[in-house]
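Q: All I have is the shape, not the residue letters:
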């Protein structure tokens, strides 16, 4: 269950950014997770409230976008979608491929509520 | 992945950076900011720091991963025996509890630091850095980090090591790479342990195990690593010595700059 430690790492970054932008609270957090990152989106959603309690992001909506797995074939040069345990080229079937998307574990963007103007 | 060179931008998320400005403000006036940082930013940063330490002392560092009971410690014991006269080995042991594995390694006469992770299912770069405080890297040629027995979580955390060594015992089944693609995709070498038991198993095919690894687009060598057989470790030891040789050549070609002068592992992580 490493999703909790990933959430804590995420919140460290979110708190820093919120502080930098003088935000009153974090409204939304958008993550990009690839199936090959080793992180499970549902587990992250469950762990999030535990990690976020008492932080500036306590009430933030956690939005997780799952990215597709895509490979570039080194043999035929074409790109195609693939599945987590079959990273073969969909065009020629070769396994000499390079992952071009699908292992991301990124904090993509934040939506912040800034301090009221006085 | 890193946050500086742009390799975080993949076909899956490039629309987000290309449409710069579009997300600057949401319709209801909230401020939106693009980040595109790895969620493990802190860990990756620490891992880079660890790697700089290893480079400074010319140490080859291997992250040894497998399920519990696949034979990681037995492999290390046999490897230490085999290379006793050729190089200086040290081990960092990760387990949820007990000093058992570190004691087994120390019984072989090499330094071993035990990290008890408590409930954590993996080692991270900070834990490894803390363990480095207790080691004299200048007296070490090869450092093994024996990760927590687990085919899931350890794969996500860079420790600052140079190669991932993934051990698969034949009693676990030949489809483990298909079941745990994140772990096996990251393997730089896949070792098969307990191969003396193949005679008693009718459901493990060496060819299938390799096919499952190739289906992950992984070209890593698949080597026999049977500690119960006289020449059972030859291929593994050959790989290991080659990796060590390469590491030394790289160190000679590009000497590492000193890491934070006067930093002799006396500080504590904040």
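A: Perfect, I can see it now. This structure is a prediction, so every number in the text was calculated from the model and none was measured. Numbers count the residues shown, from 1 in each chain, chains lettered A, B, ... in the order given.

Q: just for chain A, where's the confidence low?
A: Along chain A, the parts satisfying pLDDT under 70 run over A:1, A:115-118.

Q: how close does the residue nearest to the spatial centre of chain B sit to residue A:46?
A: For chain B, the residue nearest the mean C-alpha position is residue B:63 (2.5 Å; CA atoms, centre = their mean). Counting by CB to CB, to the nearest Å, the separation of residue B:63 from residue A:46 is 28 Å. For glycine as for every other residue, the C-beta is placed from the backbone atoms N, C-alpha and C.

Q: related to what we said a few turns ago, ok, now how distant is the residue nearest to the centre of chain B from chain A?
A: 14 Å (CB to the nearest CB, to the nearest Å).

Q: who does the host helix or strand of that residue pair up with?
A: Per DSSP states H and E, residue B:63 falls inside strand B:60-65. Sheet pairing here is set by DSSP bridges, and for strand B:60-65 it gives strand B:142-146 (parallel), strand B:163-169 (parallel).

Q: So for residue A:70, which of those sits nearest?
A: strand B:163-169 (22.9 Å; CB to CB).

Q: hmm, the helix or strand just after that closest one touching chain A?
A: Where DSSP H and E defines the elements, the next helix or strand beyond strand B:163-169 is helix B:176-179. Yes. Looking at helix B:176-179 against chain A by CB under 8 Å from any CB of the partner chain, the contacts come from B:177-179.

Q: Any chance of a markdown table for those residues, columns pLDDT?
A: Converted to a markdown table, the residues of helix B:176-179 next to chain A look like this (pLDDT from 0 to 100):
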| residue | pLDDT |
| --- | --- |
| B:177 | 98 |
| B:178 | 98 |
| B:179 | 97 |
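
Q: between these, which is nearest chain A?
A: The shortest approach to chain A among those belongs to residue B:178, at 4.4 Å (CB to the nearest CB).

Q: For that closest one, which residues are in contact?
A: By CB atoms under 8 Å, 6 or more residues apart in numbering or on different chains, the residues touching residue B:178 are A:85, B:212, B:215.

Q: Considering these, which possesses the most neighbours?
A: Most neighbours among the contacts of residue B:178, by other CB atoms under 10 Å in any protein chain shown: residue B:212, with 24 neighbours.

Q: in chain A, which spans are helices?
A: Along chain A, counting by DSSP state H, helices occupy A:3-20, A:41-52.

Q: how close does the residue lying closest to residue B:205 once chain neighbours are set aside sit to residue B:222?
A: Distances taken as CB to CB, 6 or more residues apart in numbering or on different chains put residue B:174 closest to residue B:205, at 5.3 Å, once the chain neighbours are dropped. Residue B:174 is 11 Å from residue B:222, where distance means CB to CB.

Q: just residue B:203 next, same as before
A: Noted for residue B:203: a distance of 18 Å to residue B:222, by CB to CB.

Q: out of these two, which sits in the busier spot?
A: In this view residue B:203 and residue B:222 are compared by other CB under 10 Å, and residue B:222 has more residues nearby, 19 against 10.

Q: Please report how far that one lies from chain A.
A: 14 Å.

Q: got the phi/psi numbers for that residue?
A: The phi and psi torsions at residue B:222 (degrees, to the nearest 10) take the values phi -110, psi 110.

Q: is it in a bridge, and if so with what?
A: Beta-bridge partners, per DSSP bridges, of residue B:222: residue B:190.

Q: List the residues that contact residue B:165.
A: B:62-65, B:187-189, B:191.

Q: Burial check on residue B:160, number of neighbours?
A: So residue B:160, with other CB under 10 Å, has 23 neighbours.

Q: I misspoke; the intended subject was residue B:155.
A: Using other CB under 10 Å, residue B:155 is surrounded by 25 other residues.

Q: and it, what is it in contact with?
A: Counting by CB under 8 Å, 6+ apart, residue B:155 touches A:38, B:65, B:164, B:180, B:182-183, B:186.

Q: switch to 10 Å and redo it
A: A:2, A:36-38, B:63, B:65, B:122, B:147, B:164, B:166, B:180-187 (CB atoms under 10 Å, 6 or more residues apart in numbering or on different chains).

Q: Tell me if I am right that it is in a helix.
A: Yes. Counting by DSSP: H, G, I helix; E, B strand; the rest coil, residue B:155 falls inside a helix.
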